[in-house]
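# Next input, structure requested:
(one chain, ligands or ions: 1)
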Amino acid sequence: MLCVSALEDGGVLPEQGPVIVTGAAGGVGSIAISLLAQRGYSVTAVTGRLEEEAYLRSLGATDIISRDEMSEPARPLEKQRWAGGIDTVGGNILARILAEAQYGATLAACGLAASHTLPTTVMPFILRNVRLQGIDSVNCPTPTRIAAWTALASNLPSNLEQTLHKTIGLEELELSAHAIINGVVRGRILVNPNL
Ligand SMILES: NC(=O)c1ccc[n+]([C@@H]2O[C@H](COP(=O)([O-])OP(=O)(O)OC[C@H]3O[C@@H](n4cnc5c(N)ncnc54)[C@H](OP(=O)(O)O)[C@@H]3O)[C@@H](O)[C@H]2O)c1
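Alright, predicted model coming up:
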């Protein structure tokens, strides 16, 4: 929700063109797709799991791109494609999204599932007025948290439940963490300490 708000704060409107979401079948990516689609954005999902196409479309993605295609190193500027984006992976993929961002686009970067590096140039920023907004939910100030939770509570997408992989108790944490790292978890896992 913080990422979606960053796009809205950056003035990204649904009619400006597609927005891209990376790590699409993961926890953050899945929810981002659902929230953006509900707000009327046309969402392109980037995934390494093309077999999850039906799931991603059920969340509201209109186009699917393979992770490999987006991982190709980009030139400093490429053809303009994205009005906005939510990136959970970093590295070459985020660099490519920056190079493909439309004039005036806002991109929210919240993760590093691929890499903590960002092999880019200043070109998208100084020639296309692109904004890269970092997102942190850990030390996020209370008023911002309240705004995000309020926005979620007031307008929760009906398909959000599909992003729930399963609910676990604390004793299953370690096994589930390995499953997430091994890329076999679709969506998110809910931890209920009372189980
Ligand atoms: N800044 C914050 O406040 C904040 C909050 C929550 C999470 N995060 C970060 O955001 C990221 C995503 O979190 P999450 O909970 O969604 O994790 P997750 O459920 O594990 O999802 C990550 C997704 O990234 C993709 N991916 C994995 N390895 C990749 C690679 N080598 N190259 C490209 N894509 C890869 C996969 O999606 P596909 O299978 O669809 O390709 C995977 O499902 C993590 O880095 C996490 O630490 C940050």
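
# State which one residue of the chain is found closest to the ligand.
When CB to the nearest ligand atom is the measure, the chain has its nearest residue to the ligand at residue 26, with 1.9 Å between them. Every residue, glycine included, has its C-beta placed from N, CA and C.

# My guess is that residue contacts residue 88. True?
Yes: contact criterion CB atoms under 8 Å: residue 26 and residue 88 qualify, at 6.3 Å.

# Would you tell me what the next helix or strand after the lengthiest strand in the chain is?
In the chain, ranked by residue count with DSSP state E as the criterion, the top strand is strand 101-109. Following strand 101-109 in sequence order, the next helix or strand is helix 123-128 (DSSP states H and E).

# Any residue of the helix or strand following that next one touching the ligand?
Stepping forward along the backbone from helix 123-128, the first helix or strand reached (DSSP H and E) is strand 131-134. No: with CB under 6 Å from any ligand atom as the threshold, strand 131-134 lies outside contact range of the ligand, at a closest distance of 7.7 Å.

# mind listing what's buried in strand 131-134?
When neighbours are counted by 16 or more other CB atoms under 10 Å, the buried residues of strand 131-134 are found to be 131, 132, 133.

# Need the residues you listed in CSV (columns: pLDDT).
Rendered in CSV, the data for these read as follows (pLDDT from 0 to 100):
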residue, pLDDT
131, 98
132, 98
133, 98
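
# Between residue 26 and residue 88, which contacts overlap?
residue 113 (CB atoms under 8 Å, 6 or more residues apart in numbering).
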